[in-house]
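Novice: no FASTA, just this:
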Ligand code: ADP
């Protein structure tokens, strides 16, 4: 039906760990260029949903269609190739390399991470690295060793390392965790900017930040959807207040 209009269609998604359904008959649909935020109490199944989409965890049942392609049968690297990028909570940057080198190593060369070290720097690659560095507020730090960046700047660098691979769908797990108020504000601007060209799924706890970035919020509870809608709508939902926001 009209579900083929969505860039991502998750239907009846279920995963059991020793009989315990961490994600239970879950269905949701994401539009192109949407920022979807997933919220919910600890253990609700948020991380597991991202693990299922990126192929790190195999579904017990259900389907995940990305641009009408079934992902549940693909391996993790095939899902990356299909255009799905994921950032985990802790930055996985190369601390001894500069910002420039971290972005360069992430540039899709088709030869894997270590092959790309020997990758000849074309003007096109350099221009792309400089463009990305500008977007992630690190133009002034191109030749700074990544280790010396602030925690927030490291998070931005990792977003840049994802962006340079041009994934159509970016999944971010608590991108502003540990950031200052200013860095959070800048990150909200960055994510809105990214959404002009990409689709995003973001796990987040900070409701102020959620309200700034989300087109739509999916509230998970015990592996199921408790509520879904605009940030204003879910914030006012008595069920959401009871199981999540009231604490
Ligand atoms: P959230 O990200 O919302 O905090 P998770 O997706 O991490 O929740 O976890 C959902 C539930 O699934 C939790 O009860 C967790 O203990 C369980 N779980 C997650 N991964 C596994 C696993 N690999 N094996 C067994 N249980 C798991």
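Specialist: Done, it's in. None of these values were measured; they are calculated from a predicted model.
Novice: Can you give me the neighbour number for residue 29?
Specialist: 18 (other Cβ atoms under 10 Å). For the C-beta atoms, the positions are set from N, CA and C on the backbone; glycine is no exception.
Novice: and residue 104, what helix or strand is that in?
Specialist: Using DSSP states H and E, residue 104 sits in helix 99-106.
Novice: tell me the mean pLDDT for that helix?
Specialist: Mean pLDDT, helix 99-106: 95.
Novice: Beyond the helix or strand of the chain with the lowest mean pLDDT, next helix or strand please.
Specialist: Within the chain, no helix or strand scores below helix 112-115, which has a mean of 49 by mean pLDDT, DSSP states H and E. Next along the chain after helix 112-115, taking DSSP H and E as the criterion, comes helix 123-135.
Novice: can you give me the strands in this protein?
Specialist: Ranges of strands in the chain, per DSSP state E, are 8-17, 20-30, 35-39, 61-66, 69-70, 84-87, 169-173, 199-203, 216-221, 224-229.
Novice: Can you add mean pLDDT and distance to the ligand and give these back as a markdown table?
Specialist: Conversion of the strands of the chain to a markdown table gives the following (pLDDT from 0 to 100; distance: least, Cβ to the nearest ligand atom, whole Å):
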| stretch | mean pLDDT | distance to the ligand |
| --- | --- | --- |
| strand 8-17 | 98 | 3 |
| strand 20-30 | 98 | 3 |
| strand 35-39 | 98 | 8 |
| strand 61-66 | 98 | 15 |
| strand 69-70 | 96 | 22 |
| strand 84-87 | 93 | 14 |
| strand 169-173 | 97 | 8 |
| strand 199-203 | 98 | 7 |
| strand 216-221 | 98 | 6 |
| strand 224-229 | 98 | 12 |
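Novice: What residues of stretch 183-198 count as buried?
Specialist: The neighbour-count check on stretch 183-198 (16 or more other Cβ atoms under 10 Å) flags 183-184, 186-188, 190-191, 194-195, 198 as buried.
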